[in-house]
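Undergrad: using only what follows, build the 3D model:
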Amino acid sequence: MEFLELSQKPKEELEKFLQDSREKLRQLKFDLSSGKVKNVKGIRQVKKDIARILTIFSQKQKNA
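TA: Next comes the predicted model:
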């Protein structure tokens, strides 16, 4: 997702998306170690999504 799309979402939805993304990353890493993942770029994308969400959280905390 893009940064602007994420920044317009409510906090509860972002928290749910963050939890889902972390679970997806965990599963991708597990599958990578067992040799099931062919697309390694998916891991990079999930990491970037997590970083975007955490950045939005820190920006909202500084503004509050």
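
Undergrad: may I ask which helix or strand encompasses the residue nearest the centre of the chain?
TA: The centroid of the chain falls nearest to Ile50 when counting by Cα atoms, centre = their mean (2.7 Å). Ile50 is part of helix 41-63, with elements assigned from DSSP states H and E.

Undergrad: give me the buried stretch members for that helix, please.
TA: 43, 46, 49-50, 52-53, 56 (16 or more other Cβ atoms under 10 Å). The C-beta positions use only the backbone N, C-alpha and C, and glycine is treated the same way.

Undergrad: return the distance of the nearest residue to the residue nearest to the centre of the chain once chain neighbours are set aside relative to Asp49.
TA: Nearest residue to Ile50, sequence neighbours excluded (Cβ to Cβ, 6 or more residues apart in numbering): Ser21, at 5.1 Å. From Ser21 over to Asp49 the distance is 5 Å, taken as Cβ to Cβ, to the nearest Å.

Undergrad: check the offset of the helix holding Ile50 from the chain's centre.
TA: Centroid separation for helix 41-63 versus its chain: 6 Å, with Cα atoms, centre = their mean, to the nearest Å.

Undergrad: follow-up on the earlier one: dump whichever strand or helix holds the residue nearest to Ile50 to PDB, keeping only the CA atoms.
TA: Per DSSP H and E, Ser21 falls inside helix 11-34. What follows is helix 11-34, C-alpha atoms only, in PDB (Å, rounded to 0.1, in the frame of the first residue of the first chain):
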ATOM      1  CA  LYS A  11      -5.800   3.700  13.900                       C
ATOM      2  CA  GLU A  12      -7.700   0.500  14.600                       C
ATOM      3  CA  GLU A  13      -7.500  -0.500  10.900                       C
ATOM      4  CA  LEU A  14      -3.800   0.200  10.800                       C
ATOM      5  CA  GLU A  15      -3.200  -1.900  13.900                       C
ATOM      6  CA  LYS A  16      -5.100  -4.800  12.300                       C
ATOM      7  CA  PHE A  17      -3.100  -4.400   9.100                       C
ATOM      8  CA  LEU A  18       0.100  -4.300  11.100                       C
ATOM      9  CA  GLN A  19      -0.700  -7.500  12.900                       C
ATOM     10  CA  ASP A  20      -1.700  -9.200   9.700                       C
ATOM     11  CA  SER A  21       1.500  -8.000   8.000                       C
ATOM     12  CA  ARG A  22       3.700  -9.300  10.800                       C
ATOM     13  CA  GLU A  23       2.000 -12.700  10.600                       C
ATOM     14  CA  LYS A  24       2.400 -12.800   6.800                       C
ATOM     15  CA  LEU A  25       6.100 -11.900   7.200                       C
ATOM     16  CA  ARG A  26       6.600 -14.600   9.800                       C
ATOM     17  CA  GLN A  27       4.900 -17.100   7.500                       C
ATOM     18  CA  LEU A  28       7.000 -16.000   4.400                       C
ATOM     19  CA  LYS A  29      10.200 -16.300   6.400                       C
ATOM     20  CA  PHE A  30       9.200 -19.800   7.500                       C
ATOM     21  CA  ASP A  31       8.300 -20.800   4.000                       C
ATOM     22  CA  LEU A  32      11.600 -19.300   2.700                       C
ATOM     23  CA  SER A  33      13.700 -21.400   5.100                       C
ATOM     24  CA  SER A  34      11.800 -24.600   4.000                       C
END
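
Undergrad: understood, closing this out.
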